[in-house]
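>>> only geometry, no sequence info:
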């Protein structure tokens, strides 16, 4: 049997694009790729903004600069988009899909904002749309959810899906340092952007949770805003408390089923028991923890960012795309479950850790405890640290409603004896094994 | 479009078969399965040895007892084999595949012994052969290696693929207990068989490593014997030493590429740094750690045994099998790389931990050290514990050849001053991140 050719064009030759081009052009990989894809994958063009820039290992004769002309070439089977961005990029992907060209992208922001429409467009034109590189870098979690776990009833997905925040939290934990100092260090090392908002405030994780949820539960990818809390208010004191109680603070993206039709998706810090598999995911590693009704707990771990690992994930998609092209089939579109409803945040229950800075006067604890009592927030333990103007009360609650905690925090902030309400971090208590 | 039916028969209704039957018959899952498989999966028969036995949730009208008649039914698309065993079972699977019936099995012993022939037979008759449940229970690692990582150059696969031994080692580590006591406890709890040989001597892990290697590197599945050391000689002293040096002892199945064409596959205990992702895999959990040239380190973790998790893995295969049946295609057979050669064990290098019980006399250390020197085994550290007849020397070597360690151990055993050579455990020194 003669080997078919599958012609591929790339848009973008940056952090992911350059290593990906090298993988596709690597003469030592040719045979392996032919074997994997049942086709010869031929890279015919790499579209960049600045054609004059030097890119090691990327042949100059493949470089082009007209992105729309590249996306709509008649002679390509697969368009790889690793340029990023939403607006202009969306048009390119739509143009390619509308011509029946399969698209492989690593664009989490675009998929979270408009994935459902793009998937429908791909299906309508007999093309595939793959985006493994959009979530958790090199970890092949999306295909696992689509294939191996397609028949499994998934109850919850929890992920450490942002390497920057996990690097910062791991370092705060290992060195008992403050957030500000570690952020500055992460910025100096290139692990955090000069404007770190997208990472530290959980926007990046929120896009990834949206994508994981769509695969695990059938929620739509249409730019819905999900609840999001970042790590910038976490203090060295919070980390020390966690450590003393055999807990570890992680920023988790969570998507879970509640009852038959409820779905909750959110990003916030969580104190995890030290023996939870996610607790030992350190530094820039990412991990996705999936709880299936039959499979039980499963976890995927790997490098969550970086050009090479993400390029490896994109390459897996290119291989799958090529296989389908050769056999002239395409995957069924991701189904959306219209019966699902957003479960109100206030009705979720959790154990909470919280700190309140108070004036150290007689009767303060009684006053503060009274506010907890009014909102049915039952206290499991309390610690006082510091004296005088520096007094701090640290509480661990029993399982309580989010809405009751919010009301408690609001009322506490109004008290004369309360200097400020500090941290409020959820504590995961269930046993994964 | 009307939904096709895919007719399925099962052989075996034991630990895996019963929960699998319940999953396939679960009315709450029907829609999800139809969506996942693009077909209605219809369970038409369950073949058992003893038709009279009661099986909760398994309808009596599906029960049959003639396994060959079940395997060769004209009206089934997929045969699921969850009965286990090699000889009789192989004939059933061959009979089904020869008729073009796709087979899903969880039979690691059979796949390790004769997988290549069965895969070729499946391909010859236009059928698929899936066996996700054969390795690491509920963890969908095999499909990931076949699909997402098909274009990746994998350098090494290391797995904690036996739950019994991981349970025993975790407990020895947590409680500083001796092997014998923990084995007895594991047997009482049902985590270890009354004859634990297959688990504790690494036979079970060896079959799984053979299968992982075939997917990662293209080695054949033809019953080749691989190097195997179990955990029965590990002492509480070894565990304590590991703990003091921030190491953890795990039984690992390892398949790795050495140079361009060398392959090493083996099962033996390893002392891992405590911050290695595999080090925090406790109890009956399994995990597979994959090192890809571009992806970097990846790890899959989940429940390595148990009926429900394995049934979930088998269900994933049934869904994939049904999808292919409906579209009248089958997967490309696993390719075998004929250029691969077994790398000789003696030429591997490692750091070794070893203990030697000696008579506490002047000059003993010099005599023992002389033997190390003769075989070019360089010592990194030495500790002496005990006195008189109870004296023990514990060594940690630098990176040395396996053949030199073997020769050293042989010569040490011949020395008059050596009472006995105790443990010899490899120490993993490389940094996964």
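Right, received. Where do you want to start? All values derive from a computational prediction rather than experimental measurement. Numbering: from 1, shown residues only, chains lettered A, B, ... in the order given.
>>> if I pick the closest residue to residue A:406 other than its chain neighbours, what's in contact with it?
Closest residue to residue A:406 apart from its sequence neighbours, by Cβ to Cβ, 6 or more residues apart in numbering or on different chains: residue A:346 at 6.9 Å. No exception for glycine: its C-beta is placed from N, CA and C like everyone else's. By Cβ atoms under 8 Å, 6 or more residues apart in numbering or on different chains, residue A:346 lies in contact with A:401, A:402, A:403, A:406.
>>> And the buried ones among those, selectable in PyMOL?
Buried residues within the contacts of residue A:346, by 16 or more other Cβ atoms under 10 Å in any protein chain shown, are selected in PyMOL with:
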select buried, chain A and resi 401+402
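>>> Okay, and which of the contacts of residue A:346 map to helices?
A:402, A:403, A:406 (DSSP state H).
>>> Pull the contacting residues for the second one.
To tie it back to what came earlier, the one meant is residue A:403. A:345, A:346, A:347.
>>> Residue A:109 now?
So residue A:109 contacts A:84, A:85, A:86, A:207 (Cβ under 8 Å, 6+ apart).
>>> just residue A:117 next, same as before
Contacts of residue A:117 by Cβ under 8 Å, 6+ apart are residue A:222.
>>> any idea how far it is from residue A:98?
For residue A:117, the distance to residue A:98 equals 12 Å [Cβ to Cβ, to the nearest Å].
>>> next one: residue A:276
Counting by Cβ to Cβ, the gap from residue A:276 to residue A:98 is 45 Å.
>>> Between the two, tell me which one has more neighbours.
Ranked by neighbour count (other Cβ atoms under 10 Å in any protein chain shown), residue A:276 and residue A:98 place residue A:276 first, with 23 against 15.
>>> part of a strand, is residue A:239?
No: Residue A:239: not assigned to a strand; according to DSSP: H, G, I helix; E, B strand; the rest coil it is helix.
>>> pretty sure it contacts residue A:174?
No: in this structure residue A:239 lies outside contact range of residue A:174 using Cβ atoms under 8 Å: 9.5 Å.
>>> Up against chain B, what does the stretch 251-400 of chain A have?
With the criterion set to Cβ under 8 Å from any Cβ of the partner chain, the stretch 251-400 of chain A comes near chain B through A:275, A:277, A:280-285, A:292, A:294-303, A:306, A:308-309, A:311-313, A:315-316, A:318-320, A:327, A:329, A:332, A:335.
>>> Show me the helices in the stretch 201-350 of chain A, by range?
Shown for the stretch 201-350 of chain A, the helices assigned by DSSP state H, counting those that start in this stretch span residues A:203-217, A:236-244, A:307-326.
>>> can you tell me how far residue A:129 sits from chain B?
Residue A:129 is 16 Å from chain B, where distance means Cβ to the nearest Cβ, to the nearest Å.
>>> so who does that residue touch?
Taking Cβ under 8 Å, 6+ apart as the test, what residue A:129 contacts is A:93, A:97, A:102, A:103, A:104, A:105, A:118, A:119, A:122.
>>> partners of it in the sheet?
residue A:103 (DSSP bridges).
>>> And for residue A:272?
residue A:248.
>>> Got the confidence number for the residue lying closest to residue A:192 once chain neighbours are set aside?
Closest residue to residue A:192 apart from its sequence neighbours, by Cβ to Cβ, 6+ apart: residue A:186 at 3.9 Å. Looking at residue A:186, its pLDDT stands at 93.
>>> Residue A:186 - how many residues pack around it?
Residues near residue A:186, counting by other Cβ under 10 Å: 22.
>>> can you list contacts of the lowest-mean-pLDDT helix or strand in chain A?
Across the helices and strands of chain A, mean pLDDT, DSSP states H and E gives its lowest value to helix A:30-37, namely a mean of 89. Contacts with helix A:30-37, where a contact means Cβ under 8 Å, 6+ apart, come from A:3, A:6, A:24, A:40-41, A:318-319, A:322-323, A:326, B:150-151, B:153, B:335.
>>> Pull out the buried residues from that helix.
Within helix A:30-37, the residues scored as buried using 16+ other Cβ under 10 Å are A:32, A:33, A:35, A:36, A:37.
>>> Now that we have those residues, can you turn them into TSV and tack on distance to residue B:191?
Below are the buried residues of helix A:30-37 laid out as TSV (distance: Cβ to Cβ, whole Å):
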residue	distance to residue B:191
A:32	40
A:33	43
A:35	40
A:36	38
A:37	43
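>>> of the contacts of residue A:403, closest to residue B:48?
residue A:347 (46.3 Å; Cβ to Cβ).
>>> partner residues bridging the residue lying closest to residue A:44 once chain neighbours are set aside?
With sequence-adjacent residues excluded and distances taken as Cβ to Cβ, 6+ apart, residue A:44 is closest to residue A:7, at 5.2 Å. Under DSSP bridges, the beta-bridge partners of residue A:7 are residue A:42.
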